[in-house]
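Asks: A predicted structure for the sequence below; I have some questions about it.
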Amino acid sequence: MNFFDLVKKRRSVRKFTNDKVPDKVIKKCLEAAILAPNSSNLQPWEFYWIKNKNKKDSIAKACFSQNAAITAQELIVAVSRIDTWKRNKNLIIEDYKKKKKYIPIINRYYNKLVPILYYHDTFGISNIVKKLFSIFYNLLGFFKPVLRSPIYKHELFEVVTKSTALACQNLMLGLVAEGFDSCPMEGFDEKKVKKILNLNRNCHVVMILGIGKAAKDGVYGDRYRIEKNLVIKKV
């Protein structure tokens, strides 16, 4: 299949067969997932491949016991994080240095701009400081384009969640290429999922993917999309 055939074949499967998914397939697709484009290459994602049966049952229950969860052969929880940026930016810098490509613009970007955008303290003092600076930048924005966000924690979560969602699409298309199916679930109790996985408040559960082979009645209806002209605009 070429890429466009893969995109057309991918469907959200709500019911899976008992066919097993080889571990090598999951590993291959996860490795494809982390090749996705992401903000500043900070790779703010984690993928929890649930192998423990008790945890898997608990996660499925936290997904309201929907068919896509309880019939899935494999469950993967996609998580975005705002607290791994410092570790990851240091690893990026280390890699640039090893390759002898650590030029001044890289240093300024990762050691000056990134900390300003990503740092958040427990008491929210950084938010106040950033907001004060943003007033100046918004005035400057009358004359030229300026970087207006992220300032607040929820804006930063939006950034890392977009990156993680892109990785999830790679994962799902990889599964189709390997002859398997998935369902990206947004219906779950995030608080319970985070407790099961021992995740802190700097994490957001983006989606939970049920994975397996589609049952004959696993797709609940034909694909429907609204008219293209409603969503594709030429300007």
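Replies: Now that the structure is in, tell me what you want to look at. Numbering: from 1, shown residues only.
Asks: going by C-alpha atoms from here, please, whenever you check contacts or count neighbours.
Replies: OK.
Asks: need phi/psi at residue 69.
Replies: For residue 69, the backbone dihedrals (degrees, to the nearest 10) come out as phi -90, psi -50.
Asks: let me know how buried residue 230 is, in neighbour terms.
Replies: 7 (other CA atoms under 10 Å).
Asks: so how far is residue 203 from the most centrally placed residue in the chain?
Replies: Centre of the chain computed as the mean C-alpha position; nearest residue by CA atoms, centre = their mean is residue 164, 1.6 Å away. Between residue 164 and residue 203 the computed distance is 12 Å (CA to CA, to the nearest Å).
Asks: what's the overlap in contacts for the two?
Replies: 79-80 (CA atoms under 8 Å, 6 or more residues apart in numbering).
Asks: what's the longest strand in this structure?
Replies: strand 203-212 (DSSP state E).
Asks: and that strand, how far from the chain's centre?
Replies: If you compare the mean C-alpha spot of strand 203-212 with that of the full chain, they lie 9 Å apart, counting by CA atoms, centre = their mean, to the nearest Å.
Asks: adjacent strands (with direction) for it?
Replies: Strands that pair with strand 203-212, judged by DSSP bridges, come out as strand 74-81 (antiparallel), strand 181-185 (antiparallel).
Asks: where does this structure have its least confident helix or strand?
Replies: helix 125-140 (a mean of 75; mean pLDDT, DSSP states H and E).
Asks: tell me which residues in it are buried?
Replies: Burial within helix 125-140, assessed by neighbour count using 16 or more other CA atoms under 10 Å, is assigned to 126-127, 130-131, 134, 137.
Asks: can you lay out the residues you listed as JSON lines showing distance to residue 16?
Replies: Formatted as JSON lines, those follow (distance: CA to CA, whole Å):
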{"residue": "126", "distance to residue 16": "47"}
{"residue": "127", "distance to residue 16": "46"}
{"residue": "130", "distance to residue 16": "48"}
{"residue": "131", "distance to residue 16": "49"}
{"residue": "134", "distance to residue 16": "49"}
{"residue": "137", "distance to residue 16": "52"}
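Asks: residue 233: which of those residues is nearest?
Replies: Set against residue 233, the nearest of these by CA to CA is residue 137 (30.4 Å).
Asks: hang on, the closest one packs against residue 148?
Replies: Yes. With contact defined as CA atoms under 8 Å, residue 137 and residue 148 form a contacting pair (7.1 Å).
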